[in-house]
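S.K.: Show me how the following folds:
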Amino acid sequence: MLKRNLFLVLLVLSLLLGTAGVALAEGPARQEEVSDQAILQQVNGVVLEVLPDEGKIKIQAQNPYAEVIIHTTADTRFVIPNDPDPSIADIVRGDQIVATGRWQAMSRTDFDARMVTVKPGVRPVEIVGVVKEVGDASLTLETRRGTISVQVNDDTEFIIPGVRLPTLADVRVGDRANVKAVPAADNAATDPVLVAQLVVIHRPQARPVELAGKVTKIGDTWFKLLSGVRTFIIDVNDDTQFVIPGVQDPTFADLQVGDKVVAKVLPPDITATYIGAHYLALVVTVHRPQPRPVVLTGIVTAIDLDAQTFSLELRSGETKTIAVNGDTKFHIQGMTSATLADVRVNDRAVVNGVVDPTGVDQVLAKIVAITRPRPRPERITGTVESLDTTTGVLVLLTDDGSKTVHTNEDTRFCVPDVRSPTVEDLADYLAAHPDAIVLVIGFWNEDGTMQASIVALPDPDAAGILTA
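M.R.: Coordinates of the predicted model:
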């Protein structure tokens, strides 16, 4: 009995351990399978291009709205309505597809598809050929299969290189075209009518060229450029870029007749006549002579306050016209806010400025520094005829006649027995000694008066009182 019970216990334990082992073995695989299914994503859009040899499908995706490359492999499953054995080769441009799979790592433009499903609907046909005729609402193309006509409507989309918002009116006979079309909804089975959904025109594009020359005339949205012996008409638009040295954010309005420019332009369309044809400017680079800084030294020979100029005779004997303006700074000793009106003929001047870029023999001055010979102090002696202590002006009778002398706060007075004397002390001394000889040292003014630096009276203890 004991042996039988022990056998049953061992049997139960073995069954339990076996079940646990199977669960442990299958657990990760099932978990991976569930996780793998959980992260599958979808992307849908319109097929732009199919590359069967590379296993790639380029679509215009809806979310995100961008071009996405769908990558397929031999294991990718394809589902196409009414196609029993679908493959990537059966997908055509214009198909609406839904791809199920995963985004590639760190990418929102590459998608690895496990399944690609083509949405049901009317599949467009692609027509390649040369435009033979352009009607009011139709196009006729010459193809390898013969002549094919397609209708266009308000929903037809046109893509024409170099044409903004193109329409049927922009299509030309002779254009190479790729047309995606579908049968009209009210099609007759015996006489099918195709309606174009997309018309892509392939037209040879002109390559930009550079034209160098001189601007001779400027219009509202164009200018004429003389290059060699030929004149070109250059159109500009909002996209034309201008490069003008010294001009911040230049525009067409800053262009001037006479400017030397290098224009990067698109030639006229190859189907247009070149006589009077317009070139479209992409970039216009203006080359203008830049002001050349100069330093001139010479003697002022003439001043014209009305014209705000003065003539400067250089050491070489050449005379230059110096123009000044509100920005010109003058440096004249003893003056704080000097102007051209303070400059004198025969002044020695050092001019810092720039040469007029137009080639005129004129210099625009930025700084004018005037240097004048420092006068030597003069001495005069005589008796005082009058003295005004209020104005500090005295009249001195000398051997050459009466001389007016001005004093100021800088004038130094020397009066016997007075420490730090003033003009009042001078007056008091002269009241007691009216015939005393006064020595004045100073500088002559232009009006013939003297500006006194020193006014001195003799010291009677040292040399006696000097009298006339």
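S.K.: mind checking how far D254 is from Q248?
M.R.: For D254, the distance to Q248 (CB to CB, to the nearest Å) stands at 10 Å. For glycine as for every other residue, the C-beta is placed from the backbone atoms N, C-alpha and C.
S.K.: of these two, who's got more company?
M.R.: Between D254 and Q248, counted using other CB atoms under 10 Å, the more crowded position is D254 (14 against 6).
S.K.: I'd say that one and F242 touch.
M.R.: Yes: D254 lies in contact with F242 (CB atoms under 8 Å); the separation is 6.7 Å.
S.K.: anything in contact with each of these two?
M.R.: Both D254 and F242 are contacted by V286, under the criterion CB atoms under 8 Å, 6 or more residues apart in numbering.
S.K.: now the spatially most central residue of the chain, what's its secondary structure?
M.R.: Computing the C-alpha centroid of the chain and ranking residues by CA atoms, centre = their mean puts D249 first, at 5.0 Å. Secondary structure, DSSP: H, G, I helix; E, B strand; the rest coil: D249 is coil.
S.K.: change the start of the numbering to 28 and stick with it
M.R.: Happy to do that; since the first residue is 28 now, the last one works out to D276.
S.K.: Distance of it relative to F269?
M.R.: 9 Å.
S.K.: Need the distance between the two termini of stretch 111-121.
M.R.: 21 Å (CA to CA, to the nearest Å).
S.K.: List the buried residues of it.
M.R.: Neighbour-count burial for stretch 111-121, with 16 or more other CB atoms under 10 Å as criterion, is recorded at P113, I115, I118, R120, G121.
S.K.: Other residues contacting stretch 370-385?
M.R.: Against stretch 370-385 from outside (CB under 8 Å, 6+ apart): 315-330, 337, 339, 349-350, 357, 359, 389-399.
S.K.: Need the distance between the two termini of stretch 421-437.
M.R.: Start-to-end, stretch 421-437 (CA to CA) is 16 Å.
S.K.: Could you do stretch 138-156 as well?
M.R.: 33 Å.
S.K.: wait, which of the buried residues of stretch 111-121 is closest to T183?
M.R.: Nearest to T183 among the buried residues of stretch 111-121: G121, at 13.2 Å, using CB to CB.
S.K.: three-state assignment of the closest one?
M.R.: coil.
S.K.: hang on, the earlier thing: strands - which of the contacts of stretch 370-385 land there?
M.R.: 319-330, 337, 339, 349-350, 357, 359, 389-398 (DSSP state E).
S.K.: Name only those of those that count as buried.
M.R.: For the ones in strands among the contacts of stretch 370-385, buried by 16+ other CB under 10 Å: 323, 325, 327, 330, 337, 339, 349-350, 357, 359, 390-392, 395, 397.
S.K.: if we take those residues, which one ends up nearest to G128?
M.R.: Proximity of these to G128 (CB to CB) peaks at L391, which lies at 72.6 Å.
S.K.: Tell me who's in contact with Q89.
M.R.: So Q89 contacts N71, G72 (CB under 8 Å, 6+ apart).
S.K.: Can you give me the distance of it to V95?
M.R.: 10 Å.
S.K.: Please identify every residue contacting each of those two.
M.R.: G72.
S.K.: so where is this structure shaky, pLDDT-wise?
M.R.: Scanning the chain for pLDDT under 70 picks out the ranges 28-65, 149-150, 212-219, 296-303, 384-387, 486-495.
S.K.: Let me know how buried P448 is, in neighbour terms.
M.R.: Applying other CB under 10 Å, we find 19 residues neighbouring P448.
S.K.: For V222, see how far away the residue lying closest to it once chain neighbours are set aside is.
M.R.: Distances taken as CB to CB, 6 or more residues apart in numbering place V442 nearest to P448, at 3.8 Å, with adjacent residues excluded. V442 sits 120 Å away from V222, going by CB to CB.
S.K.: More neighbours: those two, which one.
M.R.: Between V442 and V222, counted using other CB under 10 Å, the more crowded position is V442 (21 against 18).
S.K.: My read is that the more buried one contacts A454, right?
M.R.: No: counting by CB under 8 Å, V442 does not reach A454; the two are 9.7 Å apart.
S.K.: Paired strands for the helix or strand that contains V288, with orientation please.
M.R.: Per DSSP states H and E: V288 is located in strand 287-293. When sheet partners are counted by DSSP bridges, strand 287-293 sits next to strand 236-245 (antiparallel), strand 305-314 (antiparallel).
S.K.: buried stuff in the first one?
M.R.: When neighbours are counted by 16+ other CB under 10 Å, the buried residues of strand 236-245 are found to be L238, G240, V242, I245.
S.K.: Also stretch 270-282?
M.R.: Residues I271, P277, F279, L282 are the ones in stretch 270-282 that count as buried (16+ other CB under 10 Å).
S.K.: burial measure for the closest residue to the third one other than its chain neighbours, as a count.
M.R.: Counting by CB to CB, 6+ apart, the nearest residue to F279 once its immediate chain neighbours are dropped is V263, at 5.2 Å. V263 has 23 neighbours, counted by other CB under 10 Å.
S.K.: now do E412
M.R.: Quick note: E412 (other CB under 10 Å) scores 12 neighbours.
S.K.: which residues does it contact?
M.R.: So E412 contacts V422, L423, L424, S429 (CB under 8 Å, 6+ apart).
S.K.: Now flag whichever of these is closest to D415.
M.R.: Out of the contacts of E412, the member with the shortest distance to D415 (by CB to CB) is V422, at 9.0 Å.
S.K.: Who are the contact partners of the closest one?
M.R.: V411, E412, S413, L414, S429, K430, T431, V432.
S.K.: Touching, the last one and T425? I think so.
M.R.: No: the pair V432 / T425 is not scored as a contact, 10.2 Å apart, by CB under 8 Å.
S.K.: So those two - more neighbours on which side?
M.R.: Taking other CB under 10 Å, V432 and T425 do not tie; V432 has more neighbours (22 against 13).
S.K.: From G82, how far off is that one?
M.R.: 111 Å.
S.K.: now the closest residue to V313 other than its chain neighbours: how far from G353?
M.R.: Of all residues not flanking V313 in the chain, I271 sits nearest, at 4.4 Å (CB to CB, 6+ apart). Separation of I271 from G353 (CB to CB) stands at 24 Å.
S.K.: before we move on, what about D455?
M.R.: 52 Å.
S.K.: Look at these two and report which has more neighbours.
M.R.: D455 (15 against 5).
S.K.: Give me the secondary structure label for the more buried one.
M.R.: helix.
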